[in-house]
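[1] quick one, structure for this:
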Amino acid sequence: MSSKNDSLAKLKAKMEEYISNGVQLGWLIDSKNQQAFVYRWDGSITQYPATAILSGEDVVPGFNLLLTKLL
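    This next block holds a predicted model:
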């Protein structure tokens, strides 16, 4: 039996795999815990609260989205 945290752990592992395969920027939306994890090409990961505005950063300049719209 797997827990909800196992599912999140699997998603995090998948995001790391995407980044290692060349994805420049990825957003992992964790609706259960009302947060997002932003994965970047350099391996950095930032955790954001529900009130954050997610950005396309250098990958999609000018793109911004209020996280609450996805939760």
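[2] contacts, neighbours, all on C-alpha from now
    OK.
[3] show me where pLDDT drops low in the protein?
    Within the chain, the ranges that satisfy pLDDT under 70 run 1-6.
[4] how about the strands in it?
    In the chain, the strands defined using DSSP state E lie at 25-30, 35-40, 45-49, 53-55, 64-66.
[5] winner for burial among the ones you listed?
    Of all the strands of the chain, strand 35-40 carries the top mean neighbour count, a mean of 20, counting by mean count of other CA atoms under 10 Å.
[6] helices and strands around it, which ones?
    With contacts taken as 3 or more CA pairs under 8 Å, 6 or more residues apart in numbering; DSSP states H and E, strand 35-40 sits against helix 4-20, strand 25-30, strand 45-49.
[7] next, the angle from it to strand 25-30.
    For strand 35-40 against strand 25-30, the angle by axes from the mean of the first three to the mean of the last three CA atoms, to 10 degrees is 160 degrees.
[8] what lines up beside strand 35-40 in the sheet?
    Strand pairing for strand 35-40, using DSSP bridges, gives strand 25-30 (antiparallel), strand 45-49 (antiparallel).
[9] distance to M15 added to those strands, as TSV?
    Converted to TSV, these look like this (distance: least, CA to CA, whole Å):
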stretch	distance to M15
strand 25-30	7
strand 45-49	10
